[in-house]
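Novice: fold the following, please.
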Amino acid sequence: MIPLSRMSSLALAFFLAAASVGAEEGFVPVFNGKDLQGWDGDPRFWTVRDGVIRGETTLQALPTGNTFLIWRGGVLKDFELKLQVRIQNGNSGVQYRSRDEGKWVVSGYQAEVENKPGKSGFLYEELGRKHLAQVGETVEVQADGKPRVVGGLMRRATLVLQGYYRAREWNEYRIVARGNRLEHWVNGVQTVEVTDQDPARRALAGLLALQLHSGPPMLVEFKELQIKNLAGSEQAGVARPGSGGGVRSSGACEEEGALGRRRLTRAQPWRAAGRSGESGGWEIAWPARTNPWHQGLCSAIFSACAGPAVRHFPTPNQPHFL
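Specialist: So this is what the prediction gives:
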């Protein structure tokens, strides 16, 4: 695991790297192509070889449950993610806006990666509401958490016949999240479009992670991972590092800065926070001296750990993100 004290310098290096990779499109690389700097996962399963992140399980080393490689460089909000993925067997996925459950386990939205025809690119919620949208569907998740198909992008059988996904070969995934609207694309073909109207369980901010599924031995590879903040969003995609913020693998939140260090778990909220019965989330009251940027960073971290947050700011200023 990368220590929190190094997080600011690592994240800064990732952002500076944008000048040479993908800068013309505004994308920032989150994998340096050399090692797992800035990433956190079980070293028994995750390595880098030939510029590629490899997640591999064997008969000699099998996880007891799903395990994840977590990016520690920031908290995703409104963003566009591009990456290349190749899976030989088994089941994997790309987690986004997810929560850290500890011990390299996360919960939240997942773009499915699987070689079975018509499976790659559907939307699943890990440790949550499970299947939210199948390939080819336009879905509205209702306030009670139940998905309702409201339209179709293209029939799944047609997509399979057209070869939208290439089994055991490199495939380009693109994930777009803006507010409560989510899109998945595979090799330039949109696979799902979802509007999540469930205020208690949807996620508007959280972590990026890569999945290794439990079960028989498997191998999945990732490369060319890049994130772009969406211009024009009220609060753009990756929470700015610095001021000492981070999400710990223990499932707790820790924040260091002008207010000193405070720690929070879902069972033990901050003194300045109280349970909000109306939203099912949390309500945060900030001291008046806290600057808006610091509020925004801490709120994003809080949301990643505790779920959707209801935020009340003492000033009209909105939190600032990169």
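
Novice: quick one: the strands in the stretch 101-250 of the chain?
Specialist: 105-114, 123-126, 130-133, 137-141, 147-152, 171-178, 181-186, 189-196, 207-212, 218-229, 245-247 (DSSP state E, counting those that start in this stretch).

Novice: can I get the ones you listed in TSV with distance to Trp46, mean neighbour count and mean pLDDT?
Specialist: Where you see a C-beta, it was placed from the backbone N, CA and C, and this is true even at glycine. Formatted as TSV, those follow (distance: least, Cβ to Cβ, whole Å; neighbours: other Cβ atoms under 10 Å; pLDDT from 0 to 100):
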stretch	distance to Trp46	mean neighbour count	mean pLDDT
strand 105-114	14	24	98
strand 123-126	17	22	98
strand 130-133	25	17	98
strand 137-141	31	20	98
strand 147-152	32	12	97
strand 171-178	18	20	98
strand 181-186	23	20	98
strand 189-196	26	22	98
strand 207-212	8	27	98
strand 218-229	10	20	96
strand 245-247	18	24	28
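
Novice: tabulate the ones you listed (JSON lines), appending distance to Asn91.
Specialist: Output for those, formatted as JSON lines (distance: least, Cβ to Cβ, whole Å):
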{"stretch": "strand 105-114", "distance to Asn91": "5"}
{"stretch": "strand 123-126", "distance to Asn91": "10"}
{"stretch": "strand 130-133", "distance to Asn91": "13"}
{"stretch": "strand 137-141", "distance to Asn91": "20"}
{"stretch": "strand 147-152", "distance to Asn91": "20"}
{"stretch": "strand 171-178", "distance to Asn91": "15"}
{"stretch": "strand 181-186", "distance to Asn91": "16"}
{"stretch": "strand 189-196", "distance to Asn91": "16"}
{"stretch": "strand 207-212", "distance to Asn91": "8"}
{"stretch": "strand 218-229", "distance to Asn91": "7"}
{"stretch": "strand 245-247", "distance to Asn91": "25"}
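
Novice: of the ones you listed, which is nearest Phe45?
Specialist: Judged by Cβ to Cβ, the one of these that comes nearest to Phe45 is strand 207-212, at 5.5 Å.

Novice: elements contacting that closest one?
Specialist: On a contact count with 3 or more Cβ pairs under 8 Å, 6 or more residues apart in numbering; DSSP states H and E, strand 207-212 meets strand 52-57, strand 67-71, strand 91-102, strand 105-114, strand 218-229.

Novice: dump those strands into CSV; add distance to Leu208 as well.
Specialist: CSV is the format used below for these (distance: least, Cβ to Cβ, whole Å):
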stretch, distance to Leu208
strand 52-57, 12
strand 67-71, 4
strand 91-102, 6
strand 105-114, 9
strand 218-229, 8
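
Novice: out of the ones you listed, which is closest to Tyr124?
Specialist: Each of the helices and strands packed on strand 207-212 has some distance to Tyr124 by Cβ to Cβ; the shortest is strand 105-114, at 4.6 Å.
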